[in-house]
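Peer 1: Okay, sequence plus prediction incoming.
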Amino acid sequence: MSAMTEKELQRSKSVLPIGTVMRLTELTARQIRYYEEQGLVIPQRTDGNRRMYSLNDIDQLLEIKDYLNDGINMAGIKAIYAQKEKRAAERKSDSLTDSDVRRILHDEFLNISGFERHSATSLHSQRPLE
DNA sequence: GTTCTCACA
DNA sequence: TGTGAGTA
């Protein structure tokens, strides 16, 4: 990756033990570990095999929590991330695909409607249902 | 005291 | 997803 800002670097630093993450996210250790099993939010490990999370991981967990509260299951969440990766891949292959065009038009619609569109980097947020 | 993995009356 | 066991 290129020029990662100082803030991005710090938000990527894994310095939080699971206990702190539990209090910050209101999630149980069981849930946090389960989401890891599902391939979402994989924390770093210490020499003693302790999980260490970054601020970005916290955001990621909060986002998952939101999806769950909206009634989306694990499969659905995975699908959402798979779709996000797909978009990221399309973006790199510089040519505009049909789905790109559709997404751009959709984003424009949201902007006109007065909603803020969120980038793929600052994932978590709370916007009204579309 | 905290976290880890594994198992399940 | 909860919880207890036995560790590190």
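Peer 2: Noted; the coordinates are in hand.
Peer 1: For residue A:10, list the residues it contacts.
Peer 2: residue A:55 (Cβ atoms under 8 Å, 6 or more residues apart in numbering). (C-beta placed from N, C-alpha, C; glycine too.)
Peer 1: can I assume it sits in a strand?
Peer 2: No - Residue A:10: not assigned to a strand; according to DSSP: H, G, I helix; E, B strand; the rest coil it is helix.
Peer 1: Show the pLDDT at it.
Peer 2: pLDDT, residue A:10: 95.
Peer 1: Looking at chain A, which residue is nearest DNA strand B?
Peer 2: Nearest to DNA strand B in chain A, going by Cβ to the nearest atom of the strand, is residue A:19, at a distance of 2.4 Å.
Peer 1: host element of that residue?
Peer 2: helix A:18-25 (DSSP states H and E).
Peer 1: mind listing the helices in chain A by residue range?
Peer 2: A:6-12, A:18-25, A:29-37, A:55-69, A:74-92, A:98-112 (DSSP state H).
Peer 1: Is residue A:64 in contact with residue A:36, as I believe?
Peer 2: No - using Cβ atoms under 8 Å, residue A:64 makes no contact with residue A:36, being 10.8 Å away.
Peer 1: Count the neighbours of whichever residue of chain A sits closest to DNA strand C for me.
Peer 2: Residue of chain A nearest DNA strand C, by Cβ to the nearest atom of the strand: residue A:30 (3.4 Å). A total of 9 residues lie near residue A:30 under the criterion other Cβ atoms under 10 Å.
Peer 1: Flag every residue of chain A that's near DNA strand B.
Peer 2: A:17-20, A:22, A:29, A:33, A:49-51 (Cβ under 7 Å from any atom of the strand).
Peer 1: Select from the residues you listed the one having the most neighbours.
Peer 2: When neighbours are counted by other Cβ under 10 Å, residue A:51 leads the residues of chain A next to DNA strand B with 20 neighbours.
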